[in-house]
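J.: Output the structure for:
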Amino acid sequence: EHDFLHQALVYLAAAVIASFGIHSHQLGFYYDDWTFLEMMHRGGGFLGSVKAFAAGGYWTRPVEILQFPLFFAVGGLKPLPYHLLMMGLEIAEALLFYVVLKRLLGSPHIALAAALLAAIYPNRSITHIWFAASPQTVALVLVLASMAVFLAWVSGRRFGTLLASQGLYLASVLTYESTAFLPLLIIGGLAGGTVPADRCRGSLPRSLMALWPYGLSLGLALAFQRFAGSVLQESNPKVLGLSLSHGLKVFGAGF
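T.: As a prediction, the model looks like this:
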């Protein structure tokens, strides 16, 4: 099993590098990248950059207050380190996606094929080349890590594992909230029996109920974004909330 994981890492890394990473040395900064770079350059270092983001109204996505300055600490005003970091994140994303799919599908070969297709999917160039969009990839890495750890908790029921999975999930949603409902993918593995959880096997309602920790964590994240974020910054232009009517409109437009 460990040998196949190493092989999967090699295949996935090769796919990421061949599909877009090979162009990393030719890429630069784009659009909002310059706004962030100017803010961090004026901050004069990591701590100064953190203070600049904290004062700039980023408390609704507080992980970004640390993530952007960390990138700047590594790359400064040179684009290549940023693109290498983003490529490394996408390799990690692909590997974690494989790990999660292997647990959900029960087949390492199908999981690897799916992860390879996702890694080379061409219609997401923004996350490949746009430093300002890197929180999306960071959030995906965190939520996939959360799901992998959560699946280990389902099998072993160790409280520390559960806390780790939810800590990763909270960090993901507080980086970029687009990952909030990705853990729903776990339901299929629980109900279908590929994940060792006898009390959920063959039951969609029980499988859905098994995800209660994610519901609680999402509630905490939304409460922080709506209330704490507003308190910690003078203005909160990104107040978030759930709208059933909007959700129905979005899903209805897809049919």
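J.: For the closest residue to Y214 other than its chain neighbours, the count of nearby residues, please.
T.: Nearest non-adjacent residue to Y214, counting by C-beta to C-beta, 6 or more residues apart in numbering: P183, 4.7 Å away. C-betas here are computed from N, CA, C, even on glycine. P183 has 23 neighbours, counted by other C-beta atoms under 10 Å.
J.: and P183, what does it touch?
T.: V143, S146, M147, F150, Y169, L211, Y214 (C-beta atoms under 8 Å, 6 or more residues apart in numbering).
J.: In the chain, where's the longest helix?
T.: helix 79-105 (DSSP state H).
J.: Can I get the following helix or strand past that one in PDB? Just the C-alpha atoms.
T.: Scanning forward in sequence from helix 79-105 by DSSP states H and E, the next helix or strand is helix 108-120. The C-alpha trace of helix 108-120 is given here as PDB (Å, rounded to 0.1, in the frame of the first residue of the first chain):
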ATOM      1  CA  PRO A 108      -6.500   2.800  -5.500                       C
ATOM      2  CA  HIS A 109      -6.400   2.500  -9.300                       C
ATOM      3  CA  ILE A 110      -9.700   4.200  -9.900                       C
ATOM      4  CA  ALA A 111      -8.800   6.800  -7.300                       C
ATOM      5  CA  LEU A 112      -5.500   7.500  -9.100                       C
ATOM      6  CA  ALA A 113      -7.100   7.800 -12.500                       C
ATOM      7  CA  ALA A 114      -9.600  10.300 -11.100                       C
ATOM      8  CA  ALA A 115      -6.900  12.300  -9.300                       C
ATOM      9  CA  LEU A 116      -4.800  12.400 -12.500                       C
ATOM     10  CA  LEU A 117      -7.800  13.700 -14.500                       C
ATOM     11  CA  ALA A 118      -8.500  16.400 -11.900                       C
ATOM     12  CA  ALA A 119      -4.800  17.400 -11.800                       C
ATOM     13  CA  ILE A 120      -4.600  18.000 -15.600                       C
END
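J.: Summarise which helices and strands helix 108-120 is packed against.
T.: Helices and strands touching helix 108-120, by 3 or more C-beta pairs under 8 Å, 6 or more residues apart in numbering; DSSP states H and E, are helix 2-19, helix 79-105.
J.: Report the distance from it to the chain centre.
T.: Chain-centre distance of helix 108-120: 18 Å, with C-alpha atoms, centre = their mean, to the nearest Å.
J.: ok, now stretch 169-179?
T.: 7 Å.
J.: who's in contact with it?
T.: Under C-beta under 8 Å, 6+ apart, the answer for stretch 169-179 is 61-64, 67, 135-136, 138-140, 142-143, 146, 150, 180, 183, 214, 217-218, 220-221, 224-225, 240.
J.: quick one: buried residues of that stretch?
T.: Residues of stretch 169-179 classed as buried: Y169, L170, A171, S172, V173, L174, T175, Y176, E177, T179 (neighbour count, 16 or more other C-beta atoms under 10 Å).
J.: Likewise for stretch 63-83?
T.: Of the residues in stretch 63-83, those buried by neighbour count under the rule 16+ other C-beta under 10 Å are 63-69, 71-72, 75, 79, 82-83.
J.: pLDDT at H2, what is it?
T.: H2 carries a pLDDT value of 69.
J.: Then C200?
T.: We have a pLDDT of 59 for C200.
J.: okay, which residue is most central for this structure?
T.: The residue lying closest to the centre of the chain (C-alpha atoms, centre = their mean) is L140, at 1.7 Å.
J.: sorry, back to before: could the buried residues of stretch 169-179 go into JSON lines alongside secondary structure, distance to S49 and pLDDT?
T.: As requested, the buried residues of stretch 169-179 are exported to JSON lines (DSSP: H, G, I helix; E, B strand; the rest coil; distance: C-beta to C-beta, whole Å; pLDDT from 0 to 100):
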{"residue": "Y169", "secondary structure": "helix", "distance to S49": "26", "pLDDT": "98"}
{"residue": "L170", "secondary structure": "helix", "distance to S49": "23", "pLDDT": "97"}
{"residue": "A171", "secondary structure": "helix", "distance to S49": "19", "pLDDT": "97"}
{"residue": "S172", "secondary structure": "helix", "distance to S49": "22", "pLDDT": "97"}
{"residue": "V173", "secondary structure": "helix", "distance to S49": "23", "pLDDT": "96"}
{"residue": "L174", "secondary structure": "coil", "distance to S49": "18", "pLDDT": "95"}
{"residue": "T175", "secondary structure": "coil", "distance to S49": "17", "pLDDT": "95"}
{"residue": "Y176", "secondary structure": "coil", "distance to S49": "19", "pLDDT": "94"}
{"residue": "E177", "secondary structure": "helix", "distance to S49": "23", "pLDDT": "91"}
{"residue": "T179", "secondary structure": "helix", "distance to S49": "24", "pLDDT": "94"}
